[in-house]
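[1] Give me the fold of what follows.
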Amino acid sequence: MSHLKRFSAISACIFTLALSGFGQTTKPAAPPDNTKVNERDRNSAQPTADQQKENASDRKITQQIRQSIIKDKAMSTYAKNIKIITQDGTVTLKGPVRSETEKKTIEAKADNVVGAGHVKNEIEVAPAPKTNPKTQTPQNKNP
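    As a prediction, this is how the structure comes out:
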């Protein structure tokens, strides 16, 4: 019976520590704000992914660029998920990447497919958030 009591006591301690978060308090993260991106995407003059042309040549261009990006193991997940919008042979690239190098590399890949002068690069550089080395979680920028 003493093993059962010891197990119960240890379990209760672990449960209590888990609920308390090991005594750490964290400030809530600031809510994401993508208002400017949403306003840009509502602008009818700006191409959006749903305006991708369905003709065979535009689809093939988009496919070739996407495959080239996906095959590049140096690309971040963000870079691999950028929007590629092809309309009548002109490519618009949109979305966040982690570095200026990724931005330039993606534009070069698109240029290789459609030729220079047929690519509109609207990619934004959004560096990865700094992480707390002790917890490996993103640090809150707000004090």
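
[2] And the average pLDDT for stretch 59-67 is what?
    On average, the pLDDT along stretch 59-67 is 94.

[3] Residues touching that stretch, excluding its own?
    By CB atoms under 8 Å, 6 or more residues apart in numbering, the residues outside stretch 59-67 that reach it are 52-53, 84-86, 89, 91, 109-110, 113-114. Every residue, glycine included, has its C-beta placed from N, CA and C.

[4] Among the residues you listed, show me the least confident.
    Among the contacts of stretch 59-67, Lys53 has the lowest pLDDT, at 63.

[5] Output the below-cut-off pLDDT ranges for this protein.
    1-3, 13, 15-53, 131-143 (pLDDT under 70).

[6] and the contacts of stretch 59-67, which of them are in helices?
    Among the contacts of stretch 59-67, the ones falling in helices (DSSP state H) are 109-110, 113-114.

[7] Out of those, who's the most crowded?
    In terms of neighbours by other CB atoms under 10 Å, the ones in helices among the contacts of stretch 59-67 top out with Ala110 at 26 neighbours.

[8] quick revisit: between the ones in helices among the contacts of stretch 59-67, which sits nearest Leu4?
    Nearest to Leu4 out of the ones in helices among the contacts of stretch 59-67 is Lys109 (CB to CB; 63.9 Å).

[9] hmm, back to that, could you export the ones in helices among the contacts of stretch 59-67 as JSON lines, including distance to Pro127?
    As requested, these are arranged in JSON lines below (distance: CB to CB, whole Å):
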{"residue": "Lys109", "distance to Pro127": "21"}
{"residue": "Ala110", "distance to Pro127": "22"}
{"residue": "Val113", "distance to Pro127": "27"}
{"residue": "Val114", "distance to Pro127": "28"}
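
[10] still on that earlier bit, need the max-distance pair from the contacts of stretch 59-67.
    So, those by CB to CB: farthest apart are Lys53 and Lys109, at 19.6 Å.

[11] Break down this structure into its strands, ranges please.
    Here the chain has its strands, by DSSP state E, at 83-87, 90-97, 119-125, 131-132, 137-138.

[12] can you list these in CSV and add mean neighbour count and distance to Arg59?
    Listed next are the strands of the chain as CSV, based on neighbours: other CB atoms under 10 Å; distance: least, CB to CB, whole Å:
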stretch, mean neighbour count, distance to Arg59
strand 83-87, 20, 8
strand 90-97, 20, 12
strand 119-125, 16, 17
strand 131-132, 11, 39
strand 137-138, 12, 37
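
[13] Noted, bye for now.
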